[in-house]
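1. predicted model and sequence follow; I will ask about them next.
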Amino acid sequence: MAKVLVSDPIDQVGIDILSQVAQVDVKTGLPPEELVKIIPEYDAMMLRSGTRVTKEIIVAGTQLKIIGRAGVGVDNIDVPAATRQGIVVVNSPEGNTIAAAEHALAMMLSLSRHIPEANQSVKNNKWERKRFIGAEVYKKTLGVVGLGKIGSHVANVAKSMGMKLLAYDPFISKERADQLGCTLVDLDLLFAESDYITLHIPKTPETTHVINKEAFSKMKPTARLINCARGGTIDEDALAEAIAEGKIAGAALDVFEEEPLGESKLRDYENIILTPHLGASTAEAQVNVAVDVAEQIRDVLLGLPARSAVNIPGLTPDVMEKMRPYLQLAETLGNLVGQLAGGRIERLTVRLQGELASIKGQPIVVASIKGLLSQALRERVNYVNAAIEAKERGVRIIETRDASLRDYSGSLHLSAQGSLGEHSVTGALLSDGEIRITDVDGFPINVPPSNYMLFTVHRDMPGIIGKIGSLLGSFNVNIASMQVGRKIVRGDAVMALSLDDPLPEGLLTEITKVSGIRDAYTVKL
Ligand SMILES: NC(=O)c1ccc[n+]([C@@H]2O[C@H](COP(=O)([O-])OP(=O)(O)OC[C@H]3O[C@@H](n4cnc5c(N)ncnc54)[C@H](O)[C@@H]3O)[C@@H](O)[C@H]2O)c1
Ligand SMILES: O=C(O)[C@H](O)COP(=O)(O)O
C-alpha cells in the first residue's frame, strides 16, 4: 500500500480521502533532518506553509510521486528540484481565496477602527472612547497590488463598501480591471493616491521588497498598508522606520520575511497589527484545500492525472483525457525514433501535421520527448521532467506545425538526429484510435506498433523478403505481420516486421549479412 506523509495540520476530511488508497502518517512539526530520514519510505507528501520541502528532502524522497500543498503558495517547496525528479507538485489554487480576501478586509477595518488596541484596552478595565477615534473606508481609495483571485475578491467587496479602487498588476487587462471597477495605474500613482494599500502578489524577484523605503516616501502620511500575501514583498526594516517616522499611519501584516516571526521591531508599534499567517485559517477554507489536494494525491497514486499540477502546465485531466490517444501516439513514435537513431540524440524535431497542428500548448511535444528518453531513463522520465531531462542531456527540441492535410486528418512526424545519424518516423491515429506507423525514414508503410519489431533498409530485389523470413524462422521467431515500403521499384526499400518474440542474440548481425540488406534495427515498444 502507498504511504502518505502529512507534515502540517490539515483537516480530517483530507486524511479520510487519502486513507482510501494509502497508509497516512500525520507527523507535524518535524525538523528538516528528521524529514530527510523518514521521507524515503513515502510515495506522497501533503503539507501547508509550515513545512519547507528542500532539495535535500526531495532528493532523499526516492519514492515520492507527488507533493501536495494544501493551499496556494508553493514557495516553501523546491519546485525545480521536484520537477527534476519527476515529482508532481499540486496545490489548491482557489480553496482559500475567500478566506484570505476576508482576512485582508478584516485587517483593513481593524486598522481603521483600532480594534485590537481597543479590545486590549477594555480587557485592561479601561473605557477610552476618545483614544480610539477611527477612520471610515467609505469613499476612501484602496490600492490593490495584484489583481488575481484574492485581489479581485477584495476589490469587489471594497467596491460595495463605497471605496474607490486603484490597481497595479502588469499581467491583467484593462477590460478585467474595468469589470472589477478598478482603475489600472502604475505603482507610483497607486502609492501616492491610496488611503489603503493591500498586497495580493506572489513573492518573486520582481516583487521582493517592492514596498521599500522609496515606496514609503511616496505614500500619504495617512496611508495604511495591508499584507496578507507573502512575506518579503515588504522590506520590514523600512516599514518599521516608516511607522516610527510617521511616513504612513499604520500597517497590518499576516505574513513575514521569516516565519514564525523572530526578533522584530514590528512588535513595538501599536499601529502595526500582526497575525500569525492566518489568511487561510477558516474552517471552510481548510476543508476546501484538504479535499482539493487530497483528491489529487489519491488520483495520482491511482495513476490518474492531477487537476492543478503546478509543474505540468496545461495537462489537466480534461485535456489529458481528450488527448490520451495522441499522447500515446507521440510516446510510441518518440520511443521508436529514439531506438532507430540509437546513440546520443542531439536534436528531436516534432512536426504536428493536419488537425494536430491546432492543438494548443506542448503536451504532444512533451509526450514525444518522454517516449524518446524512455529507453535511457525508463520510468524515471515522465510528463513532469521530460523537457528538463532533454535540456540537461543536450537534446535540442524543435517544434513545427503544418496544418495542411496529408493522408490522415492528423499525423505526427518525428525526426531524431543523433551521434549515429538521423532517422524519422510518422504516425497517425485511425478513426478507432488505433496507432499506425505510416512512414519510416521517408518510406511509406502502414503498420501498427507492436512489442517487438524489426526494421530493415534493403535493396528492393527478388528473394530478400524470403531470406529474412527463413532466417527468423530458423531462430524460431514468429512474424505477426510484415510490410514493405518503397519509393521506386528496385530502389531502396524499408521492411517493417512485427514479431511475437524478441530477436535472439546474434540474429541481428546475421540479418545485416544478408545480401542487399543495408541496415537492420530491432525495436522494443
Ligand atoms: N495569508 C495567507 O494565508 C494566504 C492565503 C492564500 C494566498 N496567499 C497568497 O496571496 C497571494 C495571491 O494569491 P492569489 O490566489 O490571488 O494568486 P493569483 O495568482 O490569483 O494572483 C496573483 C496576482 O499577482 C499578479 N502579479 C504577479 N506579479 C506581479 C507584480 N510584479 N506586480 C503586480 N502584480 C503581480 C498576477 O498577475 C496575479 O494577478 C499569493 O502570494 C498567495 O500565496 C496568502
Ligand atoms: O499560500 C497559501 O495558501 C497561504 O499562505 C496559506 O498558508 P497555510 O496553508 O499555511 O495557512
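-> Perfect, thanks for sending it. Ligands and ions are numbered 1, 2, ... in the order given.

2. can we go C-alpha only for contacts and neighbour counts from here?
-> Noted.

3. residue of the stretch 201-350 of the chain closest to ligand 2, please.
-> residue 280 (4.6 Å; C-alpha to the nearest ligand atom).

4. and that residue, how far is that from residue 498?
-> In this view, residue 280 and residue 498 are 57 Å apart by C-alpha to C-alpha, to the nearest Å.

5. and residue 68, by the same measure?
-> Counting by C-alpha to C-alpha, the gap from residue 68 to residue 498 is 43 Å.

6. for residue 324, report the pLDDT, please.
-> pLDDT, residue 324: 88.

7. that one: what secondary structure?
-> Following DSSP: H, G, I helix; E, B strand; the rest coil, the label given to residue 324 is helix.

8. what does residue 347 give?
-> Residue 347 ends up strand, using three-state DSSP.

9. and if you look at the one 4 residues further on?
-> With three-state DSSP as the basis, the three-state label of residue 351 is strand.

10. so how far is residue 397 from it?
-> Going from residue 351 to residue 397 by C-alpha to C-alpha gives 11 Å.

11. looking at those two, which one has more neighbours?
-> residue 351 (22 against 17; other C-alpha atoms under 10 Å).

12. what residues are bridge-paired with the more buried one?
-> Assessed by DSSP bridges, residue 351 has beta-bridge partners residue 400, residue 413.

13. enumerate every residue touching it.
-> Going by C-alpha atoms under 8 Å, 6 or more residues apart in numbering, residue 351 touches 399-402, 412-414.

14. name the residues of the chain found near ligand 2, please.
-> The chain comes close to ligand 2 at residues 48-50, 70-73, 278, 280-281, as judged by C-alpha under 6 Å from any ligand atom.

15. return the member of those nearest to residue 473.
-> Nearest to residue 473, judged by C-alpha to C-alpha, of the residues of the chain next to ligand 2 is residue 70 at 59.2 Å.

16. pretty sure the closest one is touching residue 295, no?
-> No. Counting by C-alpha atoms under 8 Å, residue 70 stays clear of residue 295, with 10.9 Å between them.

17. in the stretch 351-500 of the chain, what residue lies closest to ligand 2?
-> For the stretch 351-500 of the chain, C-alpha to the nearest ligand atom, closest residue to ligand 2: residue 384, 21.9 Å.

18. what's the neighbour count on that residue?
-> 24.

19. that one against residue 86, yeah?
-> Yes. Using C-alpha under 8 Å, residue 384 is in contact with residue 86, at 5.1 Å.

20. thinking again about what came up before, which of the residues of the chain next to ligand 2 are buried, as a PyMOL select command?
-> Listed next is the PyMOL selection for buried residues among the residues of the chain next to ligand 2, using 16 or more other C-alpha atoms under 10 Å:
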select buried, resi 48+49+50+70+71+72+73+280
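
21. show me the strands in the stretch 151-300 of the chain, by range?
-> With strands called from DSSP state E, counting those that start in this stretch, the stretch 151-300 of the chain shows them at 164-168, 182-184, 196-199, 224-227, 250-253, 272-274.

22. okay, those strands in JSON lines with mean neighbour count, mean pLDDT and distance to residue 79 next?
-> Shown next, in JSON lines, are the strands of the stretch 151-300 of the chain (neighbours: other C-alpha atoms under 10 Å; pLDDT from 0 to 100; distance: least, C-alpha to C-alpha, whole Å):
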{"stretch": "strand 164-168", "mean neighbour count": "24", "mean pLDDT": "98", "distance to residue 79": "27"}
{"stretch": "strand 182-184", "mean neighbour count": "22", "mean pLDDT": "97", "distance to residue 79": "32"}
{"stretch": "strand 196-199", "mean neighbour count": "26", "mean pLDDT": "98", "distance to residue 79": "24"}
{"stretch": "strand 224-227", "mean neighbour count": "26", "mean pLDDT": "98", "distance to residue 79": "24"}
{"stretch": "strand 250-253", "mean neighbour count": "24", "mean pLDDT": "98", "distance to residue 79": "26"}
{"stretch": "strand 272-274", "mean neighbour count": "21", "mean pLDDT": "98", "distance to residue 79": "29"}
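
23. dump those to TSV, plus distance to residue 302.
-> Converted to TSV, the strands of the stretch 151-300 of the chain look like this (distance: least, C-alpha to C-alpha, whole Å):
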stretch	distance to residue 302
strand 164-168	42
strand 182-184	44
strand 196-199	39
strand 224-227	39
strand 250-253	40
strand 272-274	42
